[in-house]
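**Student:** I'll drop the sequence and a predicted model, then ask my questions.
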Amino acid sequence: MQNENIALQAKVFLYHLNNSNSENGFRPEESWKFSLVNEEGKTAIERDYYPTVSTRVDPKVLLDFSNSVILHLKSAQPKLTVDNPKIEAQAESEYFIAYSLTRARR
């Protein structure tokens, strides 16, 4: 049952990511980067980059959630581009966040 909840949460995250991708006019050569961060890391990324899409995830299932996002991204989201599906992680991570390195705030 928990795997179904993780998969559903991953699909909802990708839905929001796809909307942000469309609303902000991402070109095919622009890509997203994924990170697992704590509260301070999330705040820093949101301060430095726009747009961002994030969700809070139970730390016990964070790895399963990130794997589910990558799995669903490859199979169901052809419009979204991710350069490197490797996900960076900080200590005591509780947020999964997506941002584009090409869309830094000025």
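**Tutor:** Alright, I've got the coordinates. Numbering: from 1, shown residues only.
**Student:** which SSE is residue 27 in?
**Tutor:** Residue 27 belongs to no helix or strand when assigned by DSSP states H and E.
**Student:** low-scoring stretches of the protein, by residue?
**Tutor:** 1, 76-79, 83-85 (pLDDT under 70).
**Student:** Could you pick out the longest helix of it?
**Tutor:** helix 2-23 (DSSP state H).
**Student:** So for that helix, what gets flagged as buried?
**Tutor:** Neighbour-count burial for helix 2-23, counted by 16 or more other Cβ atoms under 10 Å, picks out 6, 7, 9, 10, 13, 14, 17, 18, 20, 21. (Glycine included, C-beta is placed from N, CA and C.)
**Student:** Stretch 89-103 now?
**Tutor:** 89, 93, 94, 95, 96, 97, 98, 99, 100.
**Student:** same thing with stretch 53-63?
**Tutor:** Taking 16+ other Cβ under 10 Å as the criterion, stretch 53-63 shows 53, 54, 55, 57, 62 as buried.
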